[in-house]
Each structure stands twice: as C-alpha cells, then as structure tokens.
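>>> Make a model of this:
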Amino acid sequence: MPRNKSFSLKTFLYRSFRRLERFIFLLKSLLTPRQFIYVSCVLVGISSALAVIVLKTFAHWVFKSSQKLDDILHLPYSNSTLPIIGIIITVIIVKKVLDDSIEKGTSQIMYSVAKKRGIMPRKQMFAQIITSSFTVGMGGSAGLESPITITGAAFGSNYAQNYRLSYKDRTLLLACGVAAGIGAAFNAPIAGVLFAVEVVLAEISITAFIPIMISAATGALISTVVLNENILFSFKKVQFFDFHNLPYYILLGVLSGFVSINYARTFRKVEHYFSKLKFNYINKALFGAGILGVLIFFFPSLFGEGYESIKFLADNQSRELVQNTVFERFQDSSWILLIFVSLTMLIKVYATSLTLGAGSNGGNFAPSLFVGSYLGFSMASFLNLIGVTKLPVGNFTLVGMAGILSGLFHAPLTAIFLIAEITGGYNLMIPLMIVSSVSFAISKRFEPHSFDIKNLADKGEVFTDNRDTNILNSIDVSKLIQIDFKAITLQPDLEELVEKIQQSDADIFPVLDEKNSLLGLVLLDQIRPIVFSQFKVKYTAVEEIMQQPKEIIFYDETLETIMDKFDSSECKVLPVLKDGFFLGFINKQLVLEKYRHRLKSMIIE
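Down below sits the predicted model:
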C-alpha cells in the first residue's frame, strides 16, 4: 500500500510538472519575446530562491543532525571529528554518485558563458545542494554562496534550454538565477544584481537590468517569507559614520588589499599542492580533513561558515570565541584575544583550501567575509589598545568584510551594497565605498584577474573586462580551421604543383613530408611567372620556391594571440599545427566574420 502511494505521488508530481511545462510553452506562443523574458525571470527567481531555501535548510539540518549524533555517540573532539566525516561523505558522493564530475567555484559560470554558450549541466541543479550541505553543515571551513550561485545559474540555463531560447537570452536567465541566489541567500537583492553584473556578465545593456532586478527581488522576497531569520546573515547594531575616522578606514582598505592578495596566492599554492598528490580520493580526503580537524581544535571559529563568530566580533563579544578552547583561561586578556583573532584570520585561508583541496565542495565567498571581519576587528582593537584613537570596533568589523570581498573577487559594488543591505541601512555607505575601492585598486594592481577566475583567465577561457578579448575567446578555434587544402611534397620539379593549381582555386599550398609535418609554403602570387613557363616547371625544384611561414598558429592558442600573429605578420592566411603535425589554415577574414556575428549574438539587450 505505501508503495502505491509513493507511485501515485511520483505520478502526480510528474503530471503536474508536464502541465506547467505545457502552460509555459503556451505563454511563449502568446507573448512577445520581451514579455516572455519578464515571465521567465520571475520563474527562474522563484526556482533559484527555492533551491537556496532547500540548500540552507538542508545544511542546517545536517548540522543539527550531526550535533544530535554527537550527543548519542559522544565523539571525541566532535568539532574536529565532524568536519572529517562530512568531507569523506562529500567525496564519496562526488566519486560514486556524481561520476567524479562536479563544477566548483563561480569561475565555472563564467566558463559556461564564455565557452559553452551559457549551457550548464542539469546535475548542477541538485549536485551543489547535496555536496556543499554535507561539507559545510558538518563543519567544513567553506561557504555555501558559491554553490548557491552555480545552482541558480544552472536553473536559469536549463530553463532557457528547455524553452529553446537564444544564446543571449540563455545568458541573461543564467545571470538572473545567480542574482536571485545571492538575493535569497542574504536578503540583499541589490547585491544580487550587482554580483551578476560585475562577476558573471561582461557585457550588458541598461534594459537587461530589469529582468535581473526582477529575479533578485523575487529571490529575496521568497527567502524573507520562508527562511528563518536566524539562518539569514544580518546585523542590527550599527553606529553612525564619524568622518574623523576617515584615515583609519583608508588604512583598513590598504590592509584589505594586501590581505586579499595573500589569501588568493596562498589558496592557489595549497590547491596546487593537493592537485599534485598521488593519494587516492579517500586518502586525500583524510589527509586534508585531518589537518583541518587539528586547526579547528585550536581555532574553533574555523568550523563551518563562521557567520556566528562574525556576529560576536561585530557586537564586540570576542570572549565568546575562546569559550571551551585551550585559550579560555586567557579570555580576560585583551591582547591574547587580539592575537587569537588575528591568527584565526591568517589561518582561515589554510582551513578553506584544505577543505576544498581534500575534494569536498564549497566556496570562498563566506571565507572572504570571515577574513574581512576578523581583519577589521583586529585593526580597530589594536589601535584602541595602544591608545592611538577610540574606534567603533563593530563598524570596522563590518566594513572589513567589504574590503576583502572587493579585493578578492574584484567586485567593489557588490561588496558595498551587500554589507549595506545586511546591516539594514546605509549609515556606513561612505566608509564602505572608501575601503572597497582602495582594496580593489591595490588588489587589481598586483592581481589583474579576480581570485576565482585567475586560472581560467590565464588560459584565455573566461571573460575579462576587455570586450574584444571576450568575444574572441568565445569563438571555437577548431571550427575556423580550413582543411580543404591541396598539399604537395618535395619534388625535383613543379609538375605536381601545377596539377594541384589546376584542381583548386587556392592561392597557398603547404609542402608536407610523409609524416604530415610542415616543411614550408608555396604562394601562388609569387610563383606565377614560373608556373607559366614549361621550362621552369620542369627544372625548378619545390624547395627552391617554398618559403617558411612568417607565423605559425598552434592548435591550443587563443584567438586573441592568433589575431596578434595576423597583425604582426601582415598575412591573411596562417598555417595551424598540432603536436608538430599540419592541420590546415586559418583565414583572417573568416575570423573577422565570426567576430562580427558573435558580437551581435552576445550583446544582452
């Protein structure tokens, strides 16, 4: 009987989904394209918000369940043991359930836009929720926001695919999903809009803001109605801005910039180290999680996202951080507490990189807020302790979050409005603008690309702030290679060449050996007097008339570097090699035609 009920429920849900799908297709046929986009952005916003609610609720349930399990089993050093269990569960799910294929980090969203025409796998609509919930819910030192943005982007992308929308509409709805995710996660719709624009989209027109704003507002509204306020990250106590503290906010911006650079470089080093380990996935998970467990034992606030500890610092209750730790006996010493907070700030990057390097899932958005708050608290407390001034520690704790978020992700507008929204007002707008802009300027000077996309940007695989580069890198080089060439070999005469000229209208001929290696090129324009002389055809060797190409294109090069080679060589056609073997030619005119076509399709209106 229960089995029949289960079957009936599945049937009911399936039929309901199919009816909804048919209704949306009907709407598409009745509405104008622009009207349908407005309807779609609401539906994507609702879907993304529900996904955020499921993720946050599930992560909260995992945390509560693990605490109940600890009450029953009395695990030794549970705060250190639970993250190890959570990371192992995550890597097993990734390996055995998800076929070892799960996209991590917001960089994958940009890669999808740049290289996959906005198409994201369906599994991303649920994979991020499951894996990140076990990782973070059981104490892994990472954040849920990156999985949230990927999930929202996947909903937007798959919705657009299902209803057969164009590439630019698909990209727009993908951004709507991201905006709704951030809006729902923090109840910060403006920050959601700006994050989608600053981080995800490289090109956008004013009219595209409307669907993104609708999605972000929808996500924030549903999150506010459904989610418990304790699950949302927000603050109530904020002091007013005192312009006398302006120099100290500038100092905080400078420190934030350099701390952001240190965080990014340290994280990449640890990530690179784990990628080179020869351990199997279980041993790698145990290795990383074991070290993480030790760090959490000494610095308990590294457990999970760490938002609760940020609230303690903002309320100037740093003593709460050392409760039930080896440092508890020093809780009355302001200097020991300051050293403890500062060390925790510096160690956070290792805790997060160990969590993710071990194979689990999460992001660096929450860790950036964690580090920023600890930096702001440490700086303000230090200056107060040495008697230089009397700074509002809570304000500096909050503004510091914007500094690191801006410096790490190169998203100053997102940082400014996120902190402004979660604090419930705009009293700190001026210091937020100062700290975010100074941090961004310093970070940008030493790290041209944001932390999350640097590896892909170095390969030319994601969008940058250069529009021409964006468009060129979105074009598939392999589809530009012309393979209908007529090759010749090294002959003592030109009879083979004359025969190939008669069979083709080409004006360039590659000279290849038996291994298909390129020996040189023969240009028809330069040998016309020779091929029209029977005597010269008979007594001129191919080697005498061939010449070396001025530039060679390699198969794995980006179109940006290819165009540079066209410009430097002043050639219209260049040969392409892969692993030393000749593949064909790329014509500059064809590249420019593809560029113009892609330019029209990529501009989101």
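>>> can you give me the strands for the chain?
508-512, 518-523, 553-554, 573-578, 581-587 (DSSP state E).
>>> between those, which gets nearest to Leu255?
strand 553-554 (42.8 Å; C-beta to C-beta). For the C-beta atoms, the positions are set from N, CA and C on the backbone; glycine is no exception.
>>> And that closest one, what does it pack against?
When contacts are defined as 3 or more C-beta pairs under 8 Å, 6 or more residues apart in numbering; DSSP states H and E, strand 553-554 sits against strand 573-578.
>>> Next, the angle strand 508-512 makes with the strand it packs on.
On the basis of axes from the mean of the first three to the mean of the last three C-alpha atoms, to 10 degrees, strand 573-578 is oriented at 30 degrees to strand 508-512.
>>> could you give the mean pLDDT of strand 573-578?
For strand 573-578, mean pLDDT rounds to 90.
>>> switch to numbering from 11
Sure, I'll start numbering at 11, so the last one becomes strand 583-588.
>>> residues of that strand that come out buried?
583-587 (16 or more other C-beta atoms under 10 Å).
>>> Kindly report the same for stretch 119-126.
Neighbour-count burial for stretch 119-126 flags 119-125 (criterion: 16+ other C-beta under 10 Å).
>>> Only alpha carbons, please: show that stretch as PDB.
What follows is stretch 119-126, C-alpha atoms only, in PDB (Å, rounded to 0.1, in the frame of the first residue of the first chain):
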ATOM      1  CA  ILE A 119      29.700  30.000 -14.500                       C
ATOM      2  CA  MET A 120      31.900  32.400 -16.500                       C
ATOM      3  CA  TYR A 121      33.500  29.400 -18.300                       C
ATOM      4  CA  SER A 122      30.000  28.300 -19.300                       C
ATOM      5  CA  VAL A 123      29.100  31.700 -20.700                       C
ATOM      6  CA  ALA A 124      32.500  32.100 -22.500                       C
ATOM      7  CA  LYS A 125      33.000  28.700 -23.900                       C
ATOM      8  CA  LYS A 126      29.700  26.700 -23.700                       C
END
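>>> how distant is the longest helix along the chain from the center of its chain?
Ranked by residue count under DSSP state H, the longest helix found in the chain is helix 43-83. Centroid separation between helix 43-83 and its chain, computed with C-alpha atoms, centre = their mean, to the nearest Å, is 20 Å.
>>> With stretch 335-355 instead?
With C-alpha atoms, centre = their mean as the basis, stretch 335-355 stands 34 Å off its chain's centre.
>>> again with stretch 294-306
25 Å.
>>> Next: stretch 95-108.
22 Å.
>>> For that stretch, which outside residues touch it?
Identification of contacts with stretch 95-108 by C-beta atoms under 8 Å, 6 or more residues apart in numbering yields 72, 76, 110, 112, 133, 137, 140-141, 144-150, 291-292, 294-296, 298-299, 302, 365, 368-371.
>>> pLDDT value on the residue nearest to Ser117 when sequence neighbours are not counted, please?
With C-beta to C-beta, 6 or more residues apart in numbering as the criterion, Ser117 has its nearest non-adjacent residue at 4.4 Å, and that residue is Ile463. In this model, Ile463 is scored at 76, pLDDT.
>>> quick one, phi psi at Thr116?
phi -70, psi -10 (degrees, to the nearest 10).
>>> Helices of the stretch 61-210 of the chain, start to end?
88-102, 117-125, 134-147, 155-172, 177-196, 199-205 (DSSP state H, counting those that start in this stretch).
>>> ranking those helices by burial, who's on top?
Highest mean neighbour count of those: helix 177-196, a mean of 31 (counted as mean count of other C-beta atoms under 10 Å).
>>> what's the angle between that helix and helix 134-147?
30 degrees.
>>> and the angle for helix 177-196 with helix 43-83?
Using the same axes, to 10 degrees: helix 177-196 against helix 43-83 is 40 degrees.
>>> Tell me how far helix 177-196 lies from the chain's centre.
13 Å.
>>> Summarise which helices and strands it is packed against.
By 3+ C-beta pairs under 8 Å, 6+ apart, helix 177-196 packs against helix 43-83, helix 117-125, helix 155-172, helix 199-205, helix 219-236, helix 422-432, helix 598-612.
>>> how about these in JSON lines, adding distance to Leu184 and mean pLDDT?
Listed next are these as JSON lines, based on distance: least, C-beta to C-beta, whole Å; pLDDT from 0 to 100:
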{"stretch": "helix 43-83", "distance to Leu184": "9", "mean pLDDT": "83"}
{"stretch": "helix 117-125", "distance to Leu184": "7", "mean pLDDT": "76"}
{"stretch": "helix 155-172", "distance to Leu184": "4", "mean pLDDT": "88"}
{"stretch": "helix 199-205", "distance to Leu184": "13", "mean pLDDT": "90"}
{"stretch": "helix 219-236", "distance to Leu184": "10", "mean pLDDT": "88"}
{"stretch": "helix 422-432", "distance to Leu184": "17", "mean pLDDT": "89"}
{"stretch": "helix 598-612", "distance to Leu184": "13", "mean pLDDT": "77"}
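>>> Adding distance to Ser311, write these out as TSV.
Below are the helices and strands packed on helix 177-196 laid out as TSV (distance: least, C-beta to C-beta, whole Å):
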stretch	distance to Ser311
helix 43-83	15
helix 117-125	27
helix 155-172	18
helix 199-205	24
helix 219-236	25
helix 422-432	19
helix 598-612	44
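>>> Please identify which of these is closest to Ala497.
helix 598-612 (19.9 Å).
>>> what comes up buried for that closest one?
598, 601, 604-605, 608, 612.
>>> Tell me which residue of the chain is furthest from the middle?
The outermost residue of the chain relative to its centre, with distances by C-alpha atoms, centre = their mean, is Phe545 at 64.8 Å.
>>> export the strands of the chain to TSV and tack on distance to Ser344?
Below are the strands of the chain laid out as TSV (distance: least, C-beta to C-beta, whole Å):
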stretch	distance to Ser344
strand 518-522	76
strand 528-533	72
strand 563-564	60
strand 583-588	64
strand 591-597	66
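>>> quick one, which of these is nearest to Tyr177?
Nearest to Tyr177 among the strands of the chain is strand 591-597 (23.1 Å), distances taken as C-beta to C-beta.
>>> can you list contacts of that closest one?
So strand 591-597 is contacted by 487, 490-495, 497, 518, 520, 522, 525-528, 563, 565, 572, 582-587 (C-beta under 8 Å, 6+ apart).
>>> and Gln513, what does it touch?
Lys496.
>>> what helices or strands is the longest helix of the chain leaning on?
Partner elements for helix 43-83 (3+ C-beta pairs under 8 Å, 6+ apart): helix 12-40, helix 88-102, helix 134-147, helix 155-172, helix 177-196, helix 219-236.
>>> Identify whichever of those lies nearest to Asn334.
Judging the helices and strands packed on helix 43-83 by C-beta to C-beta, what sits closest to Asn334 is helix 88-102, at 8.9 Å.
>>> quick check: angle from the closest one to helix 134-147?
160 degrees.
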